[in-house]
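*Asks:* What would the 3D arrangement of this be:
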Amino acid sequence: MIITILLFLLIFGVIVISHELGHFLLAKKNGIRVIEFAIGMGPTLFHVKKGETIYSLKAFPIGGACIFDGEDGVSAKDGAVDEGSFLHANVWARISAVLAGPLFNFLLAFVLALIIVAFTGSDRPVVQQVTPGGAAQAAGIESGDLITKINGESIHLYRQVNLISALNKGEELNIQFERQGEKYSVTISPIYDSTAGRYYIGLMGAGEYFKCNPIQVFQYSFYELEYWVKATVKSLGMLFTGQVSKDDMAGPVGIAQIVGETYEEVKPYGISSVVFSMMNIAILLSVNLGILNLLPLPALDGGRLVFLLIEAIRGKPIPPEKEGMVHLAGMAALMILMVFVLFNDISRLFT
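*Replies:* Residues are numbered from 1 along each chain as shown. Now for the predicted structure:
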């Protein structure tokens, strides 16, 4: 339990610090005063002030904040919009400061992917086995075939094949592949398995793992990042369309549980397996945080970007008090959602 908590806090800390550091660095670069750089939410456990910024650690590990002077429409200095205020900076400087948080999450994910790929290699989409009597075998796909595209989407990792298979709802798939230098294209119809309650395309295995040369390390690290971005976007799409339930969502408690289960599963294989597994979880969570913050919803970075882009287009800002009301309402809704997810996490522990 203690190791699980420590691993969770380490992963959480790295991801949140990365996000808030993006905001912080671009704000400083553009002359925007940062009032507070906080890790966590709720009551302050520890803080120190350096220069104009308070650096604080909060009680609850469910987020963080990089608070700009004047971002709420009022400057900390007697209500004046002075040179260091968020409102004083030009609109593109403010856009860069807001956008930097999510972008640093993607940068962190890419750096972690570089380390993993450099040490462990990657999985090429080479078919290892076909299910006897399955859809792939019926279409003529064989072991050793290199899958290059599915429904026009370029395939670089075997996990992409698994993801497409897992999300398939019975739709036909056009699969392009190479066999001994020759290119082929087939259309397969996934077969429904009533026991599993899902469709299968009839491929087994985890692809062909290979070590990357220095150039391939960068190439396949980008593919890793691309894979997690697509997986996250597709998952969010399924959430908004009702294709996944509330039980598929996880908050801090659920994530900590996943970290603990993963640790117990891989620890027999040694410290390196633990480290790389935790880094994979960090990549997933960092990409998730980056994408979620880009959603055009009030109180999120994406919501603030909407107002800033409107200002850039129309040449003048939305009245700060009106924007502040929208973000306040969004923050209240976000808090309610976080409480719901936390309750859902805890209730699953007792089922």
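*Asks:* Strands along the stretch 1-150 of the chain, start to end?
*Replies:* In the stretch 1-150 of the chain, the segments counted as strands under DSSP state E, counting those that start in this stretch are 34-50, 53-68, 122-124, 129-130, 146-150.
*Asks:* Pull out the buried residues from the host helix or strand of residue 166.
*Replies:* Taking DSSP states H and E as the definition, residue 166 sits inside helix 158-167. Burial within helix 158-167, assessed by neighbour count using 16 or more other Cβ atoms under 10 Å, is assigned to 158-165, 167. C-beta: built from backbone N, CA, C; applies to glycine.
*Asks:* Show the low-confidence segments of the stretch 101-250 of the chain, by residue range.
*Replies:* Filtered on pLDDT under 70, the stretch 101-250 of the chain yields the residue ranges 238-250.
*Asks:* make it 80
*Replies:* Filtered on pLDDT under 80, the stretch 101-250 of the chain yields the residue ranges 235-250.
*Asks:* re earlier: would you tell me which of the strands of the stretch 1-150 of the chain gets closest to residue 215?
*Replies:* Minimum separation from residue 215 across the strands of the stretch 1-150 of the chain (Cβ to Cβ) falls at strand 122-124, 12.9 Å.
*Asks:* Show me what the closest one is packed up against.
*Replies:* helix 158-167, strand 208-210, helix 214-240 (3 or more Cβ pairs under 8 Å, 6 or more residues apart in numbering; DSSP states H and E).
*Asks:* for the stretch 251-351 of the chain, what are the low-confidence residue spans?
*Replies:* Scanning the stretch 251-351 of the chain for pLDDT under 80 picks out 251-258, 299, 317-351.
*Asks:* gap between the helix holding residue 166 and the chain center?
*Replies:* Centroid separation for helix 158-167 versus its chain: 18 Å, with Cα atoms, centre = their mean, to the nearest Å.
*Asks:* Next, the angle from that helix to helix 214-240.
*Replies:* Angle of helix 158-167 versus helix 214-240, following axes from the mean of the first three to the mean of the last three Cα atoms, to 10 degrees, is 10 degrees.
*Asks:* circling back to that earlier point, just name the most buried of the helices and strands packed on strand 122-124.
*Replies:* Comparing the helices and strands packed on strand 122-124 by mean neighbour count (mean count of other Cβ atoms under 10 Å), helix 158-167 ranks first with a mean of 19.
*Asks:* ok, the next helix or strand along the chain from that one: who's next to it in the sheet?
*Replies:* Counting by DSSP H and E, the next helix or strand C-terminal to helix 158-167 is strand 173-179. Taking DSSP bridges as the criterion, strand 173-179 pairs within the sheet with strand 146-150 (antiparallel), strand 182-188 (antiparallel).
*Asks:* next SSE after the shortest one?
*Replies:* Think strand 146-150. strand 153-154.
*Asks:* Note down every partner strand of that following strand and its orientation.
*Replies:* Here strand 153-154 is paired, per DSSP bridges, with strand 146-150 (antiparallel).
*Asks:* Phi, psi for residue 171 please.
*Replies:* phi -70, psi 150 (degrees, to the nearest 10).
*Asks:* How many residues are close by it?
*Replies:* Residue 171 sits with 11 neighbouring residues when counted by other Cβ atoms under 10 Å.
*Asks:* which residues does it contact?
*Replies:* Going by Cβ atoms under 8 Å, 6 or more residues apart in numbering, residue 171 touches residue 190.
*Asks:* cutoff 10 Å now
*Replies:* Counting by Cβ atoms under 10 Å, 6 or more residues apart in numbering, residue 171 makes contact with 151, 164, 189-190, 199.
*Asks:* Looking at the residues you listed, spot the one nearest residue 182.
*Replies:* Nearest to residue 182 among those, counting by Cβ to Cβ, is residue 151 at 20.9 Å.
*Asks:* what's the closest of the helices and strands packed on strand 122-124 to residue 259?
*Replies:* Evaluated over the helices and strands packed on strand 122-124, closeness to residue 259 peaks at helix 214-240, with 16.9 Å, by Cβ to Cβ.
*Asks:* and the helix or strand following that closest one with strand 53-68, angle?
*Replies:* Downstream of helix 214-240, the next assigned helix or strand under DSSP H and E is helix 252-266. Here the directions of helix 252-266 and strand 53-68 differ by 110 degrees (the same axes, to 10 degrees).
*Asks:* The next helix or strand after helix 252-266 packs against which elements?
*Replies:* Using DSSP H and E, the helix or strand that follows helix 252-266 towards the C-terminus is helix 271-294. In terms of contacts (3 or more Cβ pairs under 10 Å, 6 or more residues apart in numbering; DSSP states H and E), helix 271-294 is packed against helix 2-29, helix 91-120, helix 214-240, helix 252-266, helix 301-314.
*Asks:* wouldn't residue 282 be in contact with residue 112 here?
*Replies:* Yes - Residue 282 lies in contact with residue 112 (Cβ atoms under 10 Å); the separation is 5.8 Å.
*Asks:* any common contacting residues for the two?
*Replies:* In contact with both residue 282 and residue 112: residue 14, using Cβ under 10 Å, 6+ apart.
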